[in-house]
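1. The following comprises the amino acid sequence and a computationally predicted model.
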Amino acid sequence: MLERYLVEHCSPTLASIKTANLFTFTYHSSEEVTQYIEDWNKKFQPKGVSITILRNRNQKALLYVYRPEKLNADLKRRGVPEFLQQYGYKEFTAEYGIEVLKSKFAKSEVFPHEIGLFLGYPLDDVIGFIENAGKNSKCSGCWKVYCNECETMKLFSQFKKCKDVYLRLFLQGKRSVLQLTVA
């Protein structure tokens, strides 16, 4: 069951064209979801993909599937460290940043706005979302776009095509999640 969620919600990350994806997974027991995460991390490790739980409530886990190497690079992009400092981050590594996100999710029901940076969104779009309270975007797809509309729409199209192809191959039984995951 988790496999379909991974393909449906994380294809661009599995294909290495996006830093990370996020989805909610409903489970029967916390031991079950913990075991799923451990098993998938072992399988994904050689491919450069990790999975972790950002929040776990009411038998629903908010799963974060990411490429640590890409996330480390994203967190060091021009302007990102300065921006994250305003939100309480003292280090700009994937490991540290994810721990801060987990603690923020534990304290609040609200999504921390900076999470967009952990999903590979452009800094200008994250800032635009915050400054406009989620309104006045030029367009939207995987996120609300405030800058570089044409370029971002092409990217959204690429993400959709990736998802469609991955899902088709997976549902036809031609490829497993691991076969679809680019190293």
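-> That came through, no problem. Residues are numbered from 1 along each chain as shown.
2. Return the set of buried residues in stretch 141-152.
-> Buried residues in stretch 141-152, counted by 16 or more other CB atoms under 10 Å: 142-146, 152. In short, each C-beta sits where N, CA and C put it, glycine included.
3. can I get those residues in a markdown table with secondary structure?
-> Formatted as a markdown table, those follow (DSSP: H, G, I helix; E, B strand; the rest coil):
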| residue | secondary structure |
| --- | --- |
| 142 | coil |
| 143 | coil |
| 144 | strand |
| 145 | strand |
| 146 | coil |
| 152 | helix |
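4. distance of the most centrally placed residue in the chain from residue 135?
-> The residue lying closest to the centre of the chain (CA atoms, centre = their mean) is residue 21, at 2.4 Å. Per CB to CB, to the nearest Å, residue 21 is found 25 Å from residue 135.
5. What ranges does the protein have for its strands?
-> 20-26, 50-57, 60-66, 139-140, 144-145 (DSSP state E).
6. May I have the strands that pair with the second one, each with its orientation?
-> Paired strands of strand 50-57, with direction, are strand 60-66 (antiparallel) (DSSP bridges).
7. partner residues bridging residue 140?
-> Using DSSP bridges, the beta-bridge partners of residue 140 come out as residue 144.
8. Do you know the pLDDT at it?
-> At residue 140, the model reports a pLDDT of 94.
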